[in-house]
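Participant: predicted model and sequence below, questions to follow.
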Amino acid sequence: MMAAPARPMLLRTLKWLAIILTLGVVLILLLASLPNWNWLREPLAQQVGNKTGRELRIGGDLEISLGWPRTRIRAEDITFSNPAWARKKNMIAVKQVMVDVAIPPLFRRRMVFDDVRLDRAEIALEKSLDGRKNWLLDRNQRDDQARIVISHLAVTEGRVEYRDPASKTNLIAQVSTTGHLQDETAAALRFGVEGQFRGQPLSAEGSGDSVLALRDENRPYRLRGAGRIGPTAVRADGHITNLLQLSAVDLQIGLRGGSLAQLYPLLGIVFPDTPPYTTSGRLLRNAKLWRYEKFHGQVGKSYIAGRLQIDSGGKRPFLVATLNSRKLDIADLGPLIGARRRDTQDGTARAAVSSDRVLPSTAFRKERWKRMDADVTLKASSIVRPDALPIDNLSTRLRLRDAVLRLDPLRFDVAGGTLAGAVRLDGRQAPIRAAVELTARKMRIARLFPRVDLNKASIGEVNGAIDLAGTGDTVAAMLGSADGQLALLVDGGSISKLMMETVSLHLLEMLQLKLTGDEIIRIRCGVADFAVKDGVMQARTLVFDTDIVRLDGVGRVDLQQEALDLSIVPKTKKLSLVALRTPIHVQGRFAEPQISLDKGKLALRGLGALALGAVNPALSLIPLIETNTGADSECRQLIAEAKVPVGG
């Protein structure tokens with residue numbers, strides 16, 4: 001019963017839809033056939049002004065080619081003004097522009113330009129100190145959604161300026177492309193950039209594809225360029241996908257600079273202070289992960305290679321690296337711990353410590369530690385070092401997390417043995433709280449002192465332990481406030497007889513060995529045991545016992561003042577016809593230690609000899625004659641005998 005009235009209503013609805021669609025098609029055809037679109041310039045400018053509060057001016061012809069899903073617009077002599085706070089009058093001034101407008105996004109209130117081509121354009125992009133951006137089209141320039149999305153951009157000739165005073169950035173780029181605006185196969189774009197980036201002077205030049213793929217996820221953009229940012233020189237060759245978001249990067253990158261630490265203002269990644277460096281490798285990016293693969297180069301005089309990656313997707317950037325060095329110059333590690341550098345950016349030497357100081361005194365940059373985490377493994381198979389520093393290999397794992405830096409494990413191959421353990425620096429504290437635990441095993445005496453000729457025939461091993469904790473922002477301050485202990489032990493072995501006779505000042509035996517040749521004598525035991533309090537190392541046990549002489553020592557080493565005050569007393573175990581047994585003093589600064597004999601004791605012994613000589617000339621030798629008063633002793637017994645209380 002109800003079907004009959006419903007049918008005419010449906011027919012009427014379809015009829016009106018057909019009429020509307022027909023009128024729409026007719027209207028589009030009429031608009032498309034219009035010979036002149038210039039009548040639309042004023043209404044369009046008024047609409048833009050009402051929306052943005054800024055002036056759009058079209059001084060030349062306006063052409064519109066309607067289509068689906070894109071409509072092409074051509075215009076000449078275009079200017080679009082800046083907001084009042086901007087430095088320049090216009091944000092855009094272009095002689096000729098061609099734009100492909102995507103129609104479907106308009107129904108979602110989004111403006112998308114699939115393709116933009118500019119000829120003789122001047123563009124001024126600017127951010128205010130309070131965060132406004134002149135390319136945002138709302139009246140307050142704060143709504144990130146109020147922008148035109150540009151997928152591809154080509155510039156025949158133009159000048160682009162970017163200014164951000166908050167980040168101390170002001171860049172001016174000159175770009176040019178050989179070819180016409182409508183030419184789809186124009187030659188490569190060339191660019192030159194000058195200005196300041198994050199407070200660092202910048203200059204660069206290079207070339208790329210003529211069409212900038214700003215947002216295209218399927219079309220990598222070819223880029224080649226070289227330049228300098230502050231003290232850092234950069235060269236790059238490869239592809240970038242989505243230039244605005246850098247969704248994928250594949251570039252061969254070369255870097256050169258005065259110190260890796262100088263990359264921090266540019267990248268926000270904490271690298272240590274180093275000597276000048278150069279490196280090259282492949283830079284890749286996928287999502288939040290950056291990788292620098294198969295890189296190799298030189299830091300100071302050290303060769304370095306490996307791979308690293310930075311994950312920027314977490315609370316802080318996380319650096320993971322594996323580094324290998326086929327030749328590591330030990331001097332290049334100095335800046336890492338605050339020691340003086342051999343040279344600087346201008347090629348001159350820079351002293352990080354005063355001339356009478358030895359311990360590193362340049363502060364760690366702990367304020368940067370909380371801005372990233374790291375896990376770095378380093379292995380060095382060959383060490384370039386002074387002869388007096390018998391280090392052969394180095395391996396460590398550095399971990400930085402929540403401003404706490406750890407070197408664990410840390411291992412050096414030293415003098416045929418090992419020095420291994422861990423170092424911990426807590427940057428959450430002010431000043432830094434430091435802890436060091438190291439164990440020495442099987443270090444050979446002969447290699448510990450390679451410059452001492454008489455020591456080359458020595459046989460024996462040194463074992464020991466270091467356990468220290470201190471506070472400070474420099475290595476010098478940490479050691480100057482340290483508490484803990486340090487102990488070294490030699491249990492058995494052999495050593496040069498001439499060297500021990502020399503230490504004991506056995507004059508006749510020294511002369512005899514010089515004439516007949518050196519001999520080897522047995523080492524019974526050697527102990528160096530120090531208690532450390534407030535940076536002062538106080539000798540608890542200091543003794544070296546051989547078959548012919550025993551050396552006992554007392555005194556202290558002040559790490560804060562970098563001062564020595566030690567006395568060593570030789571005690572002979574055999575008859576020596578001529579001996580000048582007297583204490584030996586080791587005193588002075590670390591930079592210039594002084595070794596001297598106790599002149600008072602020598603003078604007293606000389607006076608005694610003269611007094612006896614008045615009675616009988618032969619008796620004058622008595623004060624210089626030593627008798628055998630020693631006895632064999634093991635290390636355990638020796639330690640017990642030589643133990644003295646701290647401060648005694």
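Facilitator: Right, received. Where do you want to start? Bear in mind the structure is a predicted one, so any value in this text is a computation, not a measurement. Residues are numbered from 1 along each chain as shown.
Participant: going forward, measure contacts between C-alpha atoms and count neighbours the same way
Facilitator: Will do.
Participant: what sits against Ala321?
Facilitator: Gly306, Arg307, Leu308, Gln309, Asp375, Val376, Thr377 (C-alpha atoms under 8 Å, 6 or more residues apart in numbering).
Participant: CSV for these, including pLDDT?
Facilitator: As requested, the contacts of Ala321 are exported to CSV (pLDDT from 0 to 100):
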residue, pLDDT
Gly306, 97
Arg307, 96
Leu308, 95
Gln309, 96
Asp375, 97
Val376, 96
Thr377, 97
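Participant: pick out whichever of these sits closest to Thr232.
Facilitator: Leu308 (19.1 Å; C-alpha to C-alpha).
Participant: quick one, what contacts Arg255?
Facilitator: Careful, residue 255 is Leu and not Arg. Contacts of Leu255 (C-alpha under 8 Å, 6+ apart): Thr232, Ala233, Val234, Arg235, Thr278, Thr279, Ser280.
Participant: hmm, try it at 6 Å
Facilitator: Taking C-alpha atoms under 6 Å, 6 or more residues apart in numbering, we find Leu255 in contact with Ala233, Val234, Thr278, Thr279.
Participant: quick one: pLDDT of the second one?
Facilitator: This points to Val234. On pLDDT, Val234 comes in at 96.
Participant: contacting residues around the host helix or strand of Arg424?
Facilitator: Assigned by DSSP states H and E, Arg424 belongs to strand 417-426. Identification of contacts with strand 417-426 by C-alpha under 6 Å, 6+ apart yields 404-412, 432-443.
Participant: give me the distance from the next helix or strand after that strand to the chain's centre.
Facilitator: Next in sequence after strand 417-426, counting helices and strands by DSSP H and E, comes strand 433-444. Distance, stretch centre to chain centre, for strand 433-444: 25 Å (C-alpha atoms, centre = their mean, to the nearest Å).
Participant: strand 433-444 - contacts with which helices or strands?
Facilitator: strand 417-426, strand 461-471 (3 or more C-alpha pairs under 6 Å, 6 or more residues apart in numbering; DSSP states H and E).
Participant: can you show me the CA trace of it as PDB?
Facilitator: C-alpha atoms of strand 433-444 as PDB (Å, rounded to 0.1, in the frame of the first residue of the first chain):
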ATOM      1  CA  ARG A 433      82.400  10.700  43.200                       C
ATOM      2  CA  ALA A 434      85.000   8.400  41.800                       C
ATOM      3  CA  ALA A 435      86.000   4.800  42.700                       C
ATOM      4  CA  VAL A 436      88.900   2.700  41.300                       C
ATOM      5  CA  GLU A 437      89.600  -1.000  41.800                       C
ATOM      6  CA  LEU A 438      92.600  -2.400  39.900                       C
ATOM      7  CA  THR A 439      94.600  -5.600  40.300                       C
ATOM      8  CA  ALA A 440      98.100  -6.100  39.000                       C
ATOM      9  CA  ARG A 441      99.200  -9.600  38.100                       C
ATOM     10  CA  LYS A 442     102.500 -11.000  36.900                       C
ATOM     11  CA  MET A 443     104.100  -7.800  35.700                       C
ATOM     12  CA  ARG A 444     107.800  -8.500  35.000                       C
END
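Participant: what mean pLDDT does the next helix or strand after it have?
Facilitator: Later in the chain than strand 433-444, the nearest helix or strand by DSSP H and E is helix 445-448. In this model, helix 445-448 has a mean pLDDT of 84.
Participant: keeping just the C-alphas, turn helix 445-448 into PDB.
Facilitator: Backbone C-alpha positions of helix 445-448 (Å, rounded to 0.1, in the frame of the first residue of the first chain) are rendered in PDB as follows:
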ATOM      1  CA  ILE A 445     110.400  -6.400  36.900                       C
ATOM      2  CA  ALA A 446     112.700  -6.200  33.900                       C
ATOM      3  CA  ARG A 447     110.000  -4.600  31.700                       C
ATOM      4  CA  LEU A 448     108.600  -2.300  34.400                       C
END
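Participant: can you list the buried residues in the helix or strand encompassing Lys327?
Facilitator: Lys327 is part of strand 318-329, with elements assigned from DSSP H and E. For strand 318-329, burial by neighbour count (16 or more other C-alpha atoms under 10 Å) applies to Phe318, Leu319, Val320, Ala321, Leu323, Asn324, Ser325, Lys327, Leu328, Asp329.
Participant: do I have it right that the last one meets Tyr303?
Facilitator: Put plainly, it is Asp329. No. Taking C-alpha atoms under 6 Å as the definition, Asp329 is not a contact partner of Tyr303, at 8.5 Å.
Participant: part of a helix, is Arg159?
Facilitator: No. Under DSSP: H, G, I helix; E, B strand; the rest coil, Arg159 falls outside any helix and is assigned strand.
Participant: count the neighbours of it for me.
Facilitator: 19 (other C-alpha atoms under 10 Å).
Participant: is it correct that it is in contact with Gln174?
Facilitator: Yes. Assessed by C-alpha under 6 Å, Arg159 is found in contact with Gln174 at 4.7 Å.
Participant: domain-wise, how is this protein divided?
Facilitator: Using automatic domain parsing, the domain parsing of the chain gives 38-216, 247-481, 482-642.
Participant: okay if I get those as JSON lines plus distance to Ala226?
Facilitator: Listed next are those as JSON lines, based on distance: least, C-alpha to C-alpha, whole Å:
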{"stretch": "domain 38-216", "distance to Ala226": "6"}
{"stretch": "domain 247-481", "distance to Ala226": "9"}
{"stretch": "domain 482-642", "distance to Ala226": "45"}
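Participant: am I right that Gly131 is in a helix?
Facilitator: No. Using three-state DSSP, the assignment for Gly131 is coil, not a helix.
Participant: that'll do, ta.
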